[in-house]
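A.B. asks: predicted model and sequence below, questions to follow.
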Amino acid sequence: MNDYEDFDFDDTQREAWEDFAGRLDEVLSVMDATADLSISVATTTDCAGPQPGILFTVLDDAVISAYVTGSDEGRPTAQEARGLAEFGWTPPTDEEPRFHTAVAQEASADLAHLASDTLAGVFSVLHPIFLEPDQLAEILKGETDWTPLKPKKLKRSEASIQPANRQDLDNLVAAELQRSFGHPPLRNEQGDVAIRVGSAILFLRSSEDASELILFSPLVHDVNGRSRACEVLNDLNVESRYGRFALHRDRVYVQVSVPARPFVPAHLNQALRAVSQIADGIDEELAVKLGGRTTFQNT
């Protein structure tokens, strides 16, 4: 069972927008005429034009006005204009060329929910984290009090080491494996380290740029029926906390990736235990399901 089996993406979105609307209401209810608030849709490009969003400003008589900026160089597209009208925004006039609305400040909650619905429904913002308020960002995005932890002395295996290159990383791995198994690791011509665990065999290799260690194990050989195998492996990938299962030709592999810049021996040992438990614990059952055989046959 994975750690997010009960996760509901749709409910999470709804709760996030409700929370955002509540925090926005708190801000709008105390705003005065000394500052405006603009909430824009975040962008991942270097676009120089205005981003779609909403500008809030407070008039002297405790009235909050809100103005919409569209995604077409500041103007709403035809689809956005239809959506804004459906949500109740006042269409542009000669005096005000933008979609707009105004409410008494005591009704700030209504405006906050209108803004939340507009950003999600008209501009298709997936989640409030994709918004960029220009003021009071801590209030709108939330704030968490955190007391820095007191550093403790690291064990040797917990200390990080920055490998200079692939050979340097391989040497670090070899030294760590010798500590764990009591003998130098066995490598093939490709540089892969081979380790036997019960009825399974594990391989470990470093990436060419020394940024990653890949641990993999062939679990089942001579698989019958690729479609059936893909269905079974897809279910395993959903349920597995560690390891990614894949079908390559007629063999099923499990793989774990370990970041190696920097290299932390404890991370390697944790990954080795995880792959070992998966490989030795599931290979026989998986072989029966897929009509194949394990790497080492029981005698």
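C.D. replies: Structure's in. What do you need? Residues are numbered from 1 along each chain as shown.

A.B. asks: what's the weakest-modelled helix or strand in the chain?
C.D. replies: helix 137-141 (a mean of 56; mean pLDDT, DSSP states H and E).

A.B. asks: so which bits of the very next helix or strand once past that one are buried?
C.D. replies: Elements were assigned by DSSP states H and E; along the chain past helix 137-141, the next helix or strand is helix 166-181. Neighbour counts over helix 166-181 (16 or more other C-beta atoms under 10 Å) mark 166, 169-170, 172-173, 176-177 as buried. In this view, the C-beta of every residue, glycine as well, is placed from N, C-alpha and C.

A.B. asks: show residues contacting helix 166-181.
C.D. replies: Outside helix 166-181, the residues that touch it by C-beta atoms under 8 Å, 6 or more residues apart in numbering are 157, 161, 163, 184-185, 191, 193, 195, 204, 206-210, 213, 260, 263, 265, 268-269, 272.

A.B. asks: now, of the residues you listed, which are buried?
C.D. replies: Among the contacts of helix 166-181, those buried by neighbour count (16+ other C-beta under 10 Å) are 163, 185, 193, 195, 204, 206, 210, 213, 260, 263, 265, 268-269, 272.

A.B. asks: so where's this structure shaky on pLDDT?
C.D. replies: Residues of the chain meeting the criterion pLDDT under 70: 1-5, 44-49, 135-146, 197-200, 297-299.

A.B. asks: which parts of this structure are helices?
C.D. replies: Here the chain has its helices, by DSSP state H, at 9-30, 78-87, 108-121, 137-141, 166-181, 226-239, 265-290.

A.B. asks: just checking, what packs against the longest one?
C.D. replies: Using 3 or more C-beta pairs under 8 Å, 6 or more residues apart in numbering; DSSP states H and E as the contact criterion, the elements in contact with helix 265-290 are helix 166-181, strand 193-197, strand 200-206, strand 212-220, helix 226-239, strand 251-259.

A.B. asks: any chance of the ones you listed in CSV, plus distance to residue 103?
C.D. replies: CSV is the format used below for the helices and strands packed on helix 265-290 (distance: least, C-beta to C-beta, whole Å):
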stretch, distance to residue 103
helix 166-181, 61
strand 193-197, 66
strand 200-206, 61
strand 212-220, 54
helix 226-239, 46
strand 251-259, 51
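
A.B. asks: quick one: which of the ones you listed is nearest residue 112?
C.D. replies: helix 226-239 (37.3 Å; C-beta to C-beta).

A.B. asks: with just CA atoms, put that closest one into PDB.
C.D. replies: Provided in PDB are the C-alpha atoms of helix 226-239 (Å, rounded to 0.1, in the frame of the first residue of the first chain):
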ATOM      1  CA  ARG A 226       3.200  -8.600 -22.700                       C
ATOM      2  CA  SER A 227      -0.200  -7.100 -22.200                       C
ATOM      3  CA  ARG A 228      -0.900  -9.000 -19.100                       C
ATOM      4  CA  ALA A 229       2.600  -8.200 -17.800                       C
ATOM      5  CA  CYS A 230       2.100  -4.500 -18.400                       C
ATOM      6  CA  GLU A 231      -1.200  -4.500 -16.400                       C
ATOM      7  CA  VAL A 232       0.400  -6.300 -13.500                       C
ATOM      8  CA  LEU A 233       3.500  -4.000 -13.500                       C
ATOM      9  CA  ASN A 234       1.300  -0.900 -13.700                       C
ATOM     10  CA  ASP A 235      -0.500  -2.000 -10.500                       C
ATOM     11  CA  LEU A 236       2.900  -2.600  -8.800                       C
ATOM     12  CA  ASN A 237       4.200   0.800  -9.800                       C
ATOM     13  CA  VAL A 238       1.100   2.400  -8.200                       C
ATOM     14  CA  GLU A 239       1.500   0.400  -5.000                       C
END
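
A.B. asks: got the angle for that helix vs strand 212-220?
C.D. replies: Relative orientation of helix 226-239 with respect to strand 212-220: 130 degrees, computed using axes from the mean of the first three to the mean of the last three C-alpha atoms, to 10 degrees.

A.B. asks: gap between helix 226-239 and the chain center?
C.D. replies: 22 Å (C-alpha atoms, centre = their mean, to the nearest Å).

A.B. asks: which residues does it contact?
C.D. replies: Under the criterion C-beta under 8 Å, 6+ apart, residues 1-2, 223, 244-247, 252, 282, 286, 289-290 lie in contact with helix 226-239.
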